[in-house]
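S.K.: next come a sequence and a model predicted from it.
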Amino acid sequence: MRTLLWFRRNLRVHDQPLFRVDEAAVGVWILDPREILATDPAGFPRCGTHRLRFLLESVADLRSRLRALGSELIVRVGEPETVLAELAQHLEVATVRTIEEPGTEERTTERAVAKALTDQCVFERMPPETLFEFDDPHEVSRELPEVFSKFRRTSEKREHIGVPLPTPTSLNAFPIDVPPGDIPTLRDLGHEDQAPNPKGVMAFQGGETAGLSRVEDWIFTGDHLQRYKETRNGLVGADYSSKFSPWLALGCISSRQVAAETLRYEAERMANDSTYWLRFELIWREYFRLYLLKHGPRLFRRGGPQDRDLGWANPAGHFEAWCAGETGEPFVDANMIELKETGFMSNRGRQNVASFLTKNLDVDWRLGARWFESNLMDYCPAANWGNWAYAAGVGADPRGFRGFDVQKQARNYDPNKEFVRLWNNDGPDAVPIVDPKQSLARAENRWESSEHKSH
């Protein structure tokens, strides 16, 4: 009985739910042009160069790891419903298996695949991957509280973090009489292949091999986990935070594997607030995945799941200046230049630039979410759109006005202007396109007016 394993955002062999003992199976990865090669309505690519490079590297690493275990990864460019139907028929497979994704586009594609395979073979959809051992993630999502802290307290009390599945030492494959297919290059897909910017926090390499190495190096070799809570708001350098997010976003490493490594660290070395805090961040990631599963298309609306339209005026030129790092606010601009040049931005930076776009610049939050989708190496639909809705005040934890004083943030987190000088030498002399304090006050008035209407 032949099985085709459709890899999507689970590009790894460790902790891999797709595998079955003694099953003859080969993998397939499909680049869907609708997701990867399309252009955003605003005119920029949905998947920019940095994210695409990391993705292609991750696929190449998965292929080499599967081959080392005796299996294969077929690579195709096309719409999954067409590609999988053709492969299933040609290879005479009994089952096509995949793991569900919480995203709306991904779920639409799953339904199209199910329809295309109806008369050919079994289409087995495994539940979305979770950190906790939920019986049914869909049921959990339906009852998900709108406030994160309530979810965290309940989950930590009632649920167990899942134990990673063992990594196989070999896999059974069946002979394929189709070409495995070449992994496209950046140039094949219309992108310039540029060397990573040496000013970036670190050189990111896509794939499970590099991801597992980073986990081991950061937690154990460098011993950085013990001070993570104190250093996590850093801006410069490789080790102030874990930087696991690009590998987590593509499933090159699993959240359960990372959690297991933090527990191993606690058992072998020490346990403190910092060692817990990395699991705390994984719980936030879990929450946003369930939040997307719960709200679906509502998460992508202007008013978000809270249906709260804060009247963004989208003043001419504001969004473009923000994207280019030309707002005249040095701390914001430095972060935006770092994103454009490297495909990465710190958590502290993300919170500030999101607040500045939606509050000070009065721009619809969804434009910011789309720019991040294009540029971030660690783009994940749930985390990206969930965090943006949260920052804009239309998503999770809808309690009170949240707006950052970006100048105060810069003084607190970049007191010597090391970060600003690294990315934005002209920043300090530039003239801001909005007055930070006045524009933030106007945003708070808009919020209060919205509060009044909602009551």
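M.R.: Looks like it arrived, so ask away.
S.K.: may I see the buried residues of the helix or strand S64 falls within?
M.R.: According to DSSP states H and E, S64 maps onto helix 49-68. Residues of helix 49-68 classed as buried: 49-63, 65-66 (neighbour count, 16 or more other C-beta atoms under 10 Å). To be clear about C-beta, it is placed using only N, CA and C from the backbone, and glycine gets the same treatment.
S.K.: for that helix, what is the distance to the chain centroid?
M.R.: The chain centre lies 16 Å from the centre of helix 49-68; the measure is C-alpha atoms, centre = their mean, to the nearest Å.
S.K.: and for stretch 392-412?
M.R.: Computed by C-alpha atoms, centre = their mean, the chain-centroid distance of stretch 392-412 equals 21 Å.
S.K.: next, the buried residues of it.
M.R.: Under the neighbour-count criterion of 16+ other C-beta under 10 Å, stretch 392-412 has 392-396, 398, 401-404, 406, 409-410 buried.
S.K.: what does stretch 94-111 give?
M.R.: The neighbour-count check on stretch 94-111 (16+ other C-beta under 10 Å) flags 95-104, 106-107, 109-110 as buried.
S.K.: now do the end-to-end distance for that stretch.
M.R.: 18 Å (C-alpha to C-alpha, to the nearest Å).
S.K.: and if you look at stretch 219-238?
M.R.: Stretch 219-238 has an end-to-end distance of 13 Å (C-alpha to C-alpha).
S.K.: can you map out the strands along this structure?
M.R.: Along the chain, counting by DSSP state E, strands occupy 2-7, 24-31, 73-77, 95-99, 122-126.
S.K.: F331 is nearest to which of those strands?
M.R.: Closest to F331 of the strands of the chain, according to C-beta to C-beta: strand 24-31, at 36.6 Å.
S.K.: what's the closest one in contact with?
M.R.: Applying C-beta atoms under 8 Å, 6 or more residues apart in numbering, the external contacts of strand 24-31 come out as 1-8, 11, 18-19, 37, 59, 62, 66, 71-78, 80, 83-84, 87, 91, 97, 171-174, 176, 184.
S.K.: what about the longest helix in this structure?
M.R.: For the chain, the longest helix by residue count, based on DSSP state H, is helix 273-295.
S.K.: counting by contacts, list what that one packs against.
M.R.: For helix 273-295, the packing partners by 3 or more C-beta pairs under 8 Å, 6 or more residues apart in numbering; DSSP states H and E come out as helix 137-142, helix 148-158, helix 228-231, helix 255-268, helix 381-392.
S.K.: pick the most deeply packed of those.
M.R.: Each of these was scored by mean neighbour count; the highest is helix 381-392, a mean of 24, by mean count of other C-beta atoms under 10 Å.
S.K.: tilt between that helix and helix 148-158?
M.R.: Here helix 381-392 points in a direction 130 degrees away from that of helix 148-158 (axes from the mean of the first three to the mean of the last three C-alpha atoms, to 10 degrees).
S.K.: quick one: list the elements packing against helix 381-392.
M.R.: Packing partners of helix 381-392 (3+ C-beta pairs under 8 Å, 6+ apart): helix 104-116, helix 273-295, helix 347-355, helix 365-375.
S.K.: to F148, which of these lies closest?
M.R.: Comparing the helices and strands packed on helix 381-392 by C-beta to C-beta, helix 273-295 comes nearest, at 5.2 Å.
S.K.: now do that closest one, average pLDDT.
M.R.: Across helix 273-295, pLDDT averages out at 98.
S.K.: circling back to that earlier point, now the strands of the chain as JSON lines including distance to L263 and mean pLDDT?
M.R.: Formatted as JSON lines, the strands of the chain follow (distance: least, C-beta to C-beta, whole Å; pLDDT from 0 to 100):
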{"stretch": "strand 2-7", "distance to L263": "27", "mean pLDDT": "98"}
{"stretch": "strand 24-31", "distance to L263": "30", "mean pLDDT": "98"}
{"stretch": "strand 73-77", "distance to L263": "31", "mean pLDDT": "98"}
{"stretch": "strand 95-99", "distance to L263": "24", "mean pLDDT": "98"}
{"stretch": "strand 122-126", "distance to L263": "25", "mean pLDDT": "98"}
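S.K.: of the ones you listed, which is nearest W371?
M.R.: Nearest to W371 among these is strand 24-31 (21.9 Å), distances taken as C-beta to C-beta.
S.K.: skip the chain neighbours and tell me the closest residue to S439.
M.R.: Leaving aside its sequence neighbours, S439 sits nearest to N360 (C-beta to C-beta, 6 or more residues apart in numbering; 4.1 Å).
S.K.: please disregard the earlier target; I meant D378.
M.R.: Take D378 and drop its neighbours on the chain: the residue closest to it by C-beta to C-beta, 6+ apart is S245, 3.8 Å away.
S.K.: what number of residues are in the vicinity of the one you found?
M.R.: 18 (other C-beta atoms under 10 Å).
S.K.: my read: it touches Y379, true?
M.R.: No: using C-beta atoms under 8 Å, S245 makes no contact with Y379, being 9.5 Å away.
S.K.: how far away is A25 from E124?
M.R.: Distance of A25 to E124, computed by C-beta to C-beta, to the nearest Å: 12 Å.
S.K.: typed the wrong thing, it's V201
M.R.: Distance of V201 to E124, computed by C-beta to C-beta: 40 Å.
S.K.: and the two? Which one has more around it.
M.R.: V201 (20 against 14).
S.K.: so the more buried one touches A238, yeah?
M.R.: Yes: using C-beta under 8 Å, V201 makes contact with A238 at a distance of 5.6 Å.
S.K.: which among the contacts of strand 24-31 count as buried?
M.R.: Buried members of the contacts of strand 24-31, scored by 16+ other C-beta under 10 Å, are 2-8, 11, 18-19, 37, 59, 62, 66, 71-77, 80, 83-84, 87, 91, 97, 171-174, 184.
S.K.: quick check, pLDDT for the residue lying closest to R402 once chain neighbours are set aside.
M.R.: Closest residue in space to R402, ignoring its immediate chain neighbours: G393 at 6.3 Å, by C-beta to C-beta, 6+ apart. Confidence at G393, expressed as pLDDT, is 94.
S.K.: ok, G393 - contacts?
M.R.: Taking C-beta under 8 Å, 6+ apart, we find G393 in contact with Q306, R308, L310, T358, F401, R402, W447.
S.K.: from those residues, which is closest to G207?
M.R.: Lowest distance from G207 to those (C-beta to C-beta) belongs to T358, with 34.4 Å.
S.K.: return the distance of the residue lying closest to Q16 once chain neighbours are set aside relative to P198.
M.R.: Nearest residue to Q16, sequence neighbours excluded (C-beta to C-beta, 6+ apart): L165, at 6.4 Å. Separation of L165 from P198 (C-beta to C-beta): 38 Å.
S.K.: what sits against the nearest residue to L440 once chain neighbours are set aside?
M.R.: Distances taken as C-beta to C-beta, 6+ apart place G403 nearest to L440, at 5.0 Å, with adjacent residues excluded. Listed by C-beta under 8 Å, 6+ apart, the contact set of G403 reads S355, K359, N360, L440, A443, E444.
S.K.: neighbours of the nearest residue to H138 once chain neighbours are set aside, how many?
M.R.: In space, and not counting its chain neighbours, H138 is closest to L293: 6.7 Å by C-beta to C-beta, 6+ apart. Residue neighbour count, defined by other C-beta under 10 Å, stands at 23 for L293.
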